[in-house]
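**Q** sequence first, then the predicted structure:
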Amino acid sequence: MGQSNMKPAFKSVIVATQDSNLFSDFQACVQSRLHADHAPDIASCLEMIRYKRYELIFMDINLLISVSKHRTQDAFKSGLKPFLKIYPTVGIVVITSGDTIRDAVYAVKSGAHNYITYPLNPDEIKFVIDGFYEDTRTKSELNYLRDQFWDPDSRDIVNTRSPLMKQVFEKIRSVSPTQSTVLLYGETGTGKGVISRLIHRHSKLRDHQYISLHCGAIPDTLLESELFGHEKGAFTGANRRKLGKFEIARGGTLFLDEIGTISASAQIKLLQVLQDRTFQRVGGEQSIESDARIIAATNSDLKQMADHGLFRKDLYFRLNVFPIEIPPLKNRKEDIPHIADTIIKRLNLLYAKDIEGINPLVLEGFMDYAWPGNIRELENLIERAYILETSSMLTPESFPAELFSFLQGAARFHGSRCLSLAEVRRIGIENIEREYLKDVLEKNRGKIKPSAAEAGISTRQLHKLMTRYGVRKEDFK
């Protein structure tokens, strides 16, 4: 069996199958690079995910057929529902043979992430795991918007203060109900994947499949097969017919991320789909119709690439029907407090902690920082601080020192050479926090509620800080 340089994003997965040989084959494919637990039936699998967090479940199609009773899309949706109810973000990958490919496609349309074919191939398993990891990262971008924007029950949560983002939302409002091709521009981490889902959710295709493909993460040799599928025997290793993303996305939306990375031959085929709405599988001659709506995204200047001969001009014009530019976080800092608060609320739901907010100095550091990694970087920093934090508020000690360059010179005091950097930093921040509290309380004549509101924290947090620094409200009345 072939070897794979697998670097999985997950510590462990479940392989749900009654076939012990299938489980052994899976273990042989991943070897020690990925820990696989075995669930011999559906009930065992459900019990396992209740007590341990698994990112992926590799499920034998025969188990899914047995629990779904009928081999229809609605039946498979019901079969997958208990898993998604316990763990909504779990990825389910169906293991199928050539005889049950149609059932596997139904399962993907019903909520499964992808499918792999038997006999198992290490490279195919790695590709599916890497693809799910990339999808997970994409979903985390602008997470505070997902499932909220324009939904009647959550409009009060979506609140952008950025004029640039208001323009973006207006464009989404205009283009979503149409069938037009959309091209999203923006730096890495700005939320292009979530914006594409937003468009799909508010389109006429919302009840149909949404398929995402990160073009830059797929080798050129596999990209055309992944997009358009392939016939059995089309190339070495093509032991089964494979349906491509265009075929699976029929009637729905196909999101092509990092479109500027695709090869010249893939560009020609993609142009054919956009022009004629037809394509052929690799190694096939039959023309297959495609009615999937295309949303593409790039962090490159496609026009400049086209002008320099690095991207087909005719394809660029076909993709650039309705361009939307998503601003970087440094250009929409007005939204940082809201985004940070939403990230903390999500983390509170995932973990046992109850973090109530962010120290004002941290927010000041956020506003001063350049955010080269955009919202993805903000999310990562907050999650790291959340794990490290021992109090009920995210404090500067839990964040990297470079966030607080604005404090340089303000926190200096005599005798610092005798202390460690961590002690200097702690004492300096405490001095600034103490003076900040005094200034706010003096301005509000010792009144707690308006002082807390001005500081951007709760009254409970203000009382804790006053106790910590020995500040009394009576001294300011």
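**A** Received it, and whenever you're ready, just let me know what you need.

**Q** where does pLDDT dip in the protein?
**A** 1-11, 137-159, 405-427, 477 (pLDDT under 70).

**Q** for it, just list every one of the strands.
**A** 12-16, 35-39, 56-60, 91-96, 114-117, 182-185, 210-214, 253-257, 278-279, 288-289, 293-298, 322-325, 357-358, 393-394 (DSSP state E).

**Q** got the ones you listed as JSON lines, with mean neighbour count and distance to Ala385 columns?
**A** C-beta here means a position set from N, CA and C on the backbone, and glycine is covered the same way. Shown next, in JSON lines, are the strands of the chain (neighbours: other C-beta atoms under 10 Å; distance: least, C-beta to C-beta, whole Å):
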{"stretch": "strand 12-16", "mean neighbour count": "22", "distance to Ala385": "26"}
{"stretch": "strand 35-39", "mean neighbour count": "17", "distance to Ala385": "28"}
{"stretch": "strand 56-60", "mean neighbour count": "25", "distance to Ala385": "27"}
{"stretch": "strand 91-96", "mean neighbour count": "24", "distance to Ala385": "27"}
{"stretch": "strand 114-117", "mean neighbour count": "21", "distance to Ala385": "33"}
{"stretch": "strand 182-185", "mean neighbour count": "23", "distance to Ala385": "30"}
{"stretch": "strand 210-214", "mean neighbour count": "21", "distance to Ala385": "28"}
{"stretch": "strand 253-257", "mean neighbour count": "24", "distance to Ala385": "28"}
{"stretch": "strand 278-279", "mean neighbour count": "18", "distance to Ala385": "47"}
{"stretch": "strand 288-289", "mean neighbour count": "15", "distance to Ala385": "49"}
{"stretch": "strand 293-298", "mean neighbour count": "26", "distance to Ala385": "29"}
{"stretch": "strand 322-325", "mean neighbour count": "16", "distance to Ala385": "30"}
{"stretch": "strand 357-358", "mean neighbour count": "23", "distance to Ala385": "9"}
{"stretch": "strand 393-394", "mean neighbour count": "22", "distance to Ala385": "5"}
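
**Q** can you say which of those is nearest to Val168?
**A** strand 322-325 (6.2 Å; C-beta to C-beta).

**Q** so which elements touch that closest one?
**A** helix 163-175, strand 182-185 (3 or more C-beta pairs under 8 Å, 6 or more residues apart in numbering; DSSP states H and E).

**Q** hey, which of those is tucked in deepest?
**A** strand 182-185 (a mean of 23; mean count of other C-beta atoms under 10 Å).

**Q** just the C-alphas of that strand, formatted as CSV.
**A** Extracted C-alpha coordinates of strand 182-185, given in CSV (Å, rounded to 0.1, in the frame of the first residue of the first chain):
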residue,chain,number,x,y,z
VAL,A,182,-19.3,37.1,-7.8
LEU,A,183,-15.6,37.7,-7.4
LEU,A,184,-14.4,38.4,-3.8
TYR,A,185,-11.2,40.3,-3.3
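
**Q** that one packs against which elements?
**A** helix 192-201, strand 293-298, strand 322-325.

**Q** quick check: the residue nearest to His35 when sequence neighbours are not counted vs Thr136, distance?
**A** Closest residue in space to His35, ignoring its immediate chain neighbours: Ser12 at 4.1 Å, by C-beta to C-beta, 6 or more residues apart in numbering. Ser12 sits 15 Å away from Thr136, going by C-beta to C-beta, to the nearest Å.

**Q** what do you get for Glu377?
**A** 16 Å.

**Q** again with Asp335
**A** For Asp335, the distance to Thr136 - C-beta to C-beta - is 23 Å.

**Q** neighbour-wise, which of the two wins?
**A** Neighbour tally, Asp335 and Thr136, criterion other C-beta atoms under 10 Å: the higher count belongs to Asp335, 20 against 15.

**Q** all helices of the stretch 1-150 of the chain, in order?
**A** Taking DSSP state H, counting those that start in this stretch as the test, the helices found in the stretch 1-150 of the chain are 20-30, 42-51, 61-68, 73-86, 101-109, 122-140.

**Q** to Lys443, which of those helices lies closest?
**A** helix 122-140 (38.8 Å).

**Q** tell me what angle the closest one forms with strand 293-298.
**A** 90 degrees (axes from the mean of the first three to the mean of the last three C-alpha atoms, to 10 degrees).

**Q** how about the strands of the chain, which one is nearest Phe169?
**A** Evaluated over the strands of the chain, closeness to Phe169 peaks at strand 322-325, with 10.0 Å, by C-beta to C-beta.

**Q** on that earlier part again, tabulate the helices and strands packed on strand 182-185 (TSV), appending distance to Arg281.
**A** Formatted as TSV, the helices and strands packed on strand 182-185 follow (distance: least, C-beta to C-beta, whole Å):
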stretch	distance to Arg281
helix 192-201	25
strand 293-298	18
strand 322-325	29
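
**Q** these: which one's closest to Glu47?
**A** The nearest among these, by C-beta to C-beta, is helix 192-201 at 31.4 Å.

**Q** follow-up on the earlier one: right, and the helices of the stretch 1-150 of the chain - which one's nearest Tyr115?
**A** helix 101-109 (3.9 Å).

**Q** on that earlier part again, do you know how far the residue nearest to His35 is from Ile49?
**A** 11 Å.
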